[in-house]
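J.: could you work out the structure for the sequence below:
(2 chains)
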Amino acid sequence: MVPTSDVVLTQLRKGVVEYCVLACLRTAPAYGLELAERLGATSTLLTSEGTLYPLLSRLRQQGWVTTTQVASAMGPPRRYYELTAEGRAALETFAATWARFTEDVRTTLEPR
Amino acid sequence: MTTAPAFPPLIEAYLADLERALAASEPRERAETLAAVREHAAESLALHGSDDAGARRVLDELGPVDAIAAASTPAPAAAAAPVAPASPTPAADVWLVVLAVASLALFVIPLVAAAVVVWALVRLRSGAGNRGLQKFALVVGAVSFVGAVALFVSHVLAG
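T.: Model prediction:
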């Protein structure tokens, strides 16, 4: 059976999107809607913006991000997510590995 | 203290659906996801308006509740079922053993031993009760019966 592109994307997202979330937090903390809009702006990283939240909860439980409630001038308090030192180290390891991996995938996929 | 904002009915219905869809998810992740989605909805409604169009836009952003549930971690399997307490030995099996021992002492009356053997076989075939005691009673009853027969034969031969 030939997989659909949705099936392929679901497989590819596993173990990758969490690092994209960490990458979004590399320069500054961000709140949920902000992260959802940044990741949801592309068509492939999130199935829908709501799927970001179980992932954020796992990252927090894993100790890779921390959360802080901050009052907002224009609405309810915002839950800001911030990268921890461990999360930053995990992101660096992933980024280095990903570069090698994607290079190998690209080279392999190229027609000879 | 922060009070939960009142959501339009569409959003409330979505949140209730999400809560149900996450029923089998890991409890802490479920609670955090629900709280974060509520915040997302409140923030987005504040930006885009809380009328029907605004509510529909928020629901489009968040996506189907099933997709969120599929992205969540399933709750660990329910704790293993508690081990059933050992069932007490039925009184019938205790009496069976008592009768078997008595048949050994009274082996000159083979009727008792025969009754023990038959009763033990019936109990074993039923599959209920303490099979160890039933087998013990069967062996004792059989030994007692064989003893009675041997005694009878020896008397006949001697006579």
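
J.: only C-alpha atoms for contact and neighbour calcs from this point on.
T.: Fine.

J.: show me the contacts for residue A:51.
T.: By C-alpha atoms under 8 Å, 6 or more residues apart in numbering or on different chains, the contact set of residue A:51 is B:62-63, B:67-69, B:71-72.

J.: are any of those buried, and which?
T.: B:62-63, B:67-69, B:71-72 (16 or more other C-alpha atoms under 10 Å in any protein chain shown).

J.: of those, which are in range of chain A?
T.: Counting by C-alpha under 8 Å from any C-alpha of the partner chain, the subset of these that neighbours chain A consists of B:62-63, B:67-69, B:71-72.

J.: so which residues on chain B come close to chain A?
T.: Contact residues (C-alpha under 8 Å from any C-alpha) of chain B with chain A: B:5, B:29-30, B:32-33, B:36-37, B:39-40, B:42-44, B:46, B:61-65, B:67-69, B:71-73.

J.: which of those residues fall within helices?
T.: Members of the residues of chain B next to chain A lying in helices (criterion: DSSP state H): B:29-30, B:32-33, B:36-37, B:39-40, B:42-44, B:46, B:61-62, B:65, B:67-69.

J.: where does the closest residue to residue B:46 other than its chain neighbours land in three-state SS?
T.: Leaving aside its sequence neighbours, residue B:46 sits nearest to residue A:75 (C-alpha to C-alpha, 6 or more residues apart in numbering or on different chains; 6.2 Å). Assigned with DSSP: H, G, I helix; E, B strand; the rest coil, residue A:75 falls in the coil class.

J.: distance of residue A:75 relative to residue B:6?
T.: Relative to residue B:6, residue A:75 is positioned 12 Å away (C-alpha to C-alpha, to the nearest Å).

J.: tell me which of those two has more neighbours.
T.: Shown here are residue A:75 and residue B:6; by other C-alpha atoms under 10 Å in any protein chain shown, residue A:75 has more neighbours (15 against 9).

J.: got a list of what the more buried one touches?
T.: Contact analysis of residue A:75 by C-alpha under 8 Å, 6+ apart lists B:42-43, B:46.

J.: if you rank those by neighbours, which is first?
T.: The residue in the contacts of residue A:75 with the most neighbours, by other C-alpha under 10 Å, is residue B:42 (25 neighbours).

J.: quick check: domain ranges of chain B?
T.: Following automatic domain parsing, one gets these domains for chain B: B:9-80, B:91-158.

J.: between these, which gets the lowest average pLDDT?
T.: Among those, domain B:91-158 has the lowest mean pLDDT, at a mean of 77.

J.: and it, end to end?
T.: Chord length of domain B:91-158, first to last residue, is 42 Å (C-alpha to C-alpha).

J.: count of neighbours near residue A:3?
T.: Counted with other C-alpha under 10 Å, residues neighbouring residue A:3 total 8.

J.: how about the helices in chain B?
T.: B:9-21, B:27-48, B:52-62, B:65-70, B:91-105, B:110-126, B:131-158.
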